[in-house]
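*Asks:* next come a sequence and a model predicted from it.
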Protein chains: 2
Amino acid sequence: MLHVAEAARVSVATVSALLNGTATVSPELTQRIEQAIRDIGYKRNAIARSLKMGTTRTIGLTVPHITNPFFTDVVSVIQQAFDRAGYAVMLCCTDEDLNTQDEQIRLLLDRMVDGLIVARVGDGGILKSIVEDANVPVVLLDRLCEGVDTDAVVLDNQRAVFDAVTYLIHLGHRRIGYITGTSDISPMHDRMIGYREALQAAGLPVAEELIRSGNFHEIDGYNATMQLLSLHDRPSAIFSANNPMVIGTMKAIRDIGLSCPEDISVACFDDFPWSDVFVPQLTTVAQPVQAIGEQAANLLLDRLAGNRDAPPRKLVLKGRLMIRNSCRPLGAVAQSVSA
Amino acid sequence: MLHVAEAARVSVATVSALLNGTATVSPELTQRIEQAIRDIGYKRNAIARSLKMGTTRTIGLTVPHITNPFFTDVVSVIQQAFDRAGYAVMLCCTDEDLNTQDEQIRLLLDRMVDGLIVARVGDGGILKSIVEDANVPVVLLDRLCEGVDTDAVVLDNQRAVFDAVTYLIHLGHRRIGYITGTSDISPMHDRMIGYREALQAAGLPVAEELIRSGNFHEIDGYNATMQLLSLHDRPSAIFSANNPMVIGTMKAIRDIGLSCPEDISVACFDDFPWSDVFVPQLTTVAQPVQAIGEQAANLLLDRLAGNRDAPPRKLVLKGRLMIRNSCRPLGAVAQSVSA
DNA sequence: TGACACGTTCGAAACGTTTAGATTAGCGTT
DNA sequence: AACGCTAATCTAAACGTTTCGAACGTGTCA
């Protein structure tokens, strides 16, 4: 900017004023400055600007795994939304590990991000104090966090699983296996409640041996399914509360020589692009990824626009049961089941 | 830092020296400073640091679509690699659009990223001049760029498709449909050559009506497949040069009332996690995503470490044909086909 | 004609670091 | 006692912006 100012024979203050439109500058100087900018190929240094202004127009986004199709989609939507608003997005993957998450958040904060969207992991950690300090606004994505009172957008997980399991019950299933991730994050907790309540509402017992948990990975789903299938009274249906784990479920079913839906019905959380192309077409609970991403972005953008004092807002969206053909009716059962 | 210095009754220079280890500071002052840092909860401002140092320890990464599983995986690997090296990653999606890409790159450059990894789109644009200016190192990912001479890691696309199509030929297929993305990017160009050469090597004619192109999206694959299947002498196999488009292919096959592999064989580029779980299990060309991501990261990290003058390095990796059961042998053909 | 307001431009301080070079203190040598 | 050397510390100038308040010229009004 100094060079531009010299070339145009004006002060840096005038160049800055023109660039930011913060003061009127005469047509003559405007022309000289613009010419100088072109000649020199000048680019404003955003770092210096950030230092002075105290804002980076950059936000941080952390997710457990970007390869989980749910997060992939949401990240994509959020990225677009901030892009439109002229913000850059720093992406971090926390690998379902609290220490990693804390490190990543520190990294982002060091870089003075203006805001944070966090699909958290573990419980609390550094997040709590950041929200309390209230220097940078935080939006929780997908997962609430005990004791951390801030904007959030989540799914009505309990209701979604309730509906899905109720659907299975209507199909005639009585013993329904349930595979969950570690229950220290709110969605897993809520989904489990939905499962139990659906059974109870139908007057069915909750058999604890039908509930297995794992660490979100394919292999965990595989192992859990193997265990379920080797029970002497094995379930006729399995609901997987997590998408990557259902891949393991399908592999286990195949490896054990059974087939879906003939021998065992399967449904899972989170839809994915291939779900209605292959056989079996998986029945899933689809999250409104577009809405989730946009709402999260909007919440944060609103804070960034200056609305700092409003009380925390919690948005709860509804899932949608995508009924396909991976679950079959059992025994003599009414065929008409609506979602 | 000023506050810390005051609280510890030292100068800011001493604090800086301690923090960076650039000079020895006496145990006494060390202790006072560390105490003050704890008391105040001081965090070094990375923006000010960047301004002074001229480095942000942040890199920019642009991909066409993060929802394409190939890019999802590569992004994940790259993110981890830079994370380990203490760099942050700014992610941008260019949506297969050159203007968007140019905008995104400008955004990243404005923010003074130390380096750029680009899975480019369109041809050239602003990229050429950036590489020529040589201020920030650029690594091309997955796609070369005419006239842009810089580090790159790509697949041997031609060979990979050659192998896949040769495999189909060995199975007895003579009319093999080919669905490609727009051919202005190098992989699509090279893959097409691989297709043609495989046919020629087997002494088969290249029938132009069997080659269809689209814009990388599911719907394009759908339309292309519909056209192929309505030819009076329709192909017995289809190879899709792009992963999202193969979803369209599968849907089209289903909608037209055919089934894979009984009526038509299908293979495609890029593997994905579900490929061996569902029916049909798709035969694919798997890219070594881990290696691609790591190599790209290494190339850039090496430049960032100061190795600026070495001539551009181009890494070419090999794809791997994952033979599953979406392609069936045709007529009287030797059954033993190896990859 | 002098006072005043207005529109345009500028000088200089500030943002929070790093770092070159100056300063100081301590200590051993001669 | 004067000197030089080393180690520890400090002063102050950068980095490239934004912005406050001052300065300047011009036109308006009493």
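*Replies:* Yep, it's here.
*Asks:* number of nearby residues for A:Cys260?
*Replies:* Look at A:Cys260: counted by other Cβ atoms under 10 Å in any protein chain shown, it has 24 neighbours. Where you see a C-beta, it was placed from the backbone N, CA and C, and this is true even at glycine.
*Asks:* what's the answer for A:Gly124, then?
*Replies:* Neighbourhood size, A:Gly124 [other Cβ under 10 Å]: 15.
*Asks:* how close does it sit to A:Pro312?
*Replies:* For A:Gly124, the distance to A:Pro312 equals 16 Å [Cβ to Cβ, to the nearest Å].
*Asks:* can you pull the pLDDT of the residue of the stretch 151-300 of chain A found nearest chain B?
*Replies:* Going by Cβ to the nearest Cβ, chain B is nearest to A:Phe278 of the stretch 151-300 of chain A, at 3.3 Å. What the model reports for A:Phe278 is a pLDDT of 89.
*Asks:* A:Ala134 now?
*Replies:* Per-residue confidence (pLDDT) for A:Ala134: 87.
*Asks:* give me the neighbour count for it.
*Replies:* Neighbours of A:Ala134 using other Cβ under 10 Å come to 11.
*Asks:* what do you get for A:Cys92?
*Replies:* With other Cβ under 10 Å as criterion, A:Cys92 counts 24.
*Asks:* who are the packing partners of the host helix or strand of it?
*Replies:* Element membership of A:Cys92 [criterion: DSSP states H and E] is strand A:88-93. For strand A:88-93, the elements it packs on are strand A:58-63, helix A:69-84, helix A:98-110, helix B:69-84, strand B:88-93, judged by 3 or more Cβ pairs under 8 Å, 6 or more residues apart in numbering or on different chains; DSSP states H and E.
*Asks:* mind checking these for the one nearest to A:Gly21?
*Replies:* Smallest distance to A:Gly21 across the helices and strands packed on strand A:88-93 (Cβ to Cβ): 20.9 Å, for helix A:69-84.
*Asks:* who does the closest one touch, helix- and strand-wise?
*Replies:* strand A:58-63, strand A:88-93, helix A:289-304, strand B:88-93.
*Asks:* and these as CSV, adding distance to DNA strand D and mean pLDDT?
*Replies:* Formatted as CSV, the helices and strands packed on helix A:69-84 follow (distance: least, Cβ to the nearest atom of the strand, whole Å; pLDDT from 0 to 100):
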stretch, distance to DNA strand D, mean pLDDT
strand A:58-63, 16, 97
strand A:88-93, 17, 95
helix A:289-304, 16, 97
strand B:88-93, 19, 95
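*Asks:* deepest-packed of these, please.
*Replies:* Burial of the helices and strands packed on helix A:69-84 is given as mean neighbour count (mean count of other Cβ atoms under 10 Å in any protein chain shown); strand A:58-63 ranks first at a mean of 25.
*Asks:* report the contact partners of A:Asp271.
*Replies:* A:Thr284, A:Val285, A:Ala286, A:Gln287, A:Met322 (Cβ atoms under 8 Å, 6 or more residues apart in numbering or on different chains).
*Asks:* list phi and psi for the fourth one.
*Replies:* The phi/psi pair for A:Gln287 (degrees, to the nearest 10) reads phi -90, psi 150.
*Asks:* state the pLDDT value of it.
*Replies:* For A:Gln287, pLDDT reads 97.
*Asks:* just to revisit the earlier point, burial count for the residue of the stretch 151-300 of chain A closest to chain B?
*Replies:* A:Phe278: 21 surrounding residues under other Cβ under 10 Å.
*Asks:* how is chain A partitioned into domains?
*Replies:* What automatic domain parsing lists as the domains of chain A is A:2-44, A:55-154+A:288-317, A:157-287.
*Asks:* reformat those domains as CSV; add distance to B:Asp156.
*Replies:* Shown next, in CSV, are the domains of chain A (distance: least, Cβ to Cβ, whole Å):
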stretch, distance to B:Asp156
domain A:2-44, 38
domain A:55-154+A:288-317, 25
domain A:157-287, 27
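*Asks:* out of the helices and strands packed on strand A:88-93, the one nearest DNA strand C is which?
*Replies:* Closest approach to DNA strand C among these is made by helix A:98-110 (9.9 Å; Cβ to the nearest atom of the strand).
*Asks:* next one: the closest one, is it in contact with chain B?
*Replies:* Yes: contact of helix A:98-110 with chain B is found when judged by Cβ under 8 Å from any Cβ of the partner chain, involving A:Gln104, A:Leu107, A:Leu108, A:Leu109, A:Asp110.
*Asks:* which member of those is positioned nearest B:Thr225?
*Replies:* A:Gln104 (42.1 Å).
*Asks:* my read: the closest one touches A:Asp97, true?
*Replies:* No: here A:Gln104 lies out of contact with A:Asp97, judged by Cβ atoms under 8 Å, at a distance of 9.8 Å.
*Asks:* quick check: A:Val161 touching A:Gly194?
*Replies:* Yes: counting by Cβ under 8 Å, A:Gly194 is a contact partner of A:Val161 at 3.2 Å.
*Asks:* find residues that contact each of those two.
*Replies:* In contact with both A:Val161 and A:Gly194: no residue, using Cβ under 8 Å, 6+ apart.
*Asks:* of those two, which one has the most company?
*Replies:* Neighbours per residue, other Cβ under 10 Å: of A:Val161 and A:Gly194, the larger number sits with A:Val161, 30 against 25.
*Asks:* now do the contacts for that one.
*Replies:* Contacts here follow Cβ under 8 Å, 6+ apart; on that basis A:Val161 touches A:Asp190, A:Arg191, A:Met192, A:Ile193, A:Gly194, A:Tyr195, A:Ala198, A:Phe239, A:Ala241, A:Phe269, A:Val285.
*Asks:* which element is it on?
*Replies:* A:Val161 belongs to helix A:157-170, assigned by DSSP H and E.
*Asks:* any idea how far A:Arg44 lies from DNA strand D?
*Replies:* Counting by Cβ to the nearest atom of the strand, to the nearest Å, the separation of A:Arg44 from DNA strand D is 5 Å.
*Asks:* to clarify, my last question referred to A:Glu96.
*Replies:* 39 Å.
*Asks:* what's the closest non-adjacent residue to that residue?
*Replies:* A:Pro64 (4.7 Å; Cβ to Cβ, 6 or more residues apart in numbering or on different chains).
*Asks:* against DNA strand D, how distant is the one you found?
*Replies:* As judged by Cβ to the nearest atom of the strand, A:Pro64 and DNA strand D stand 37 Å apart.
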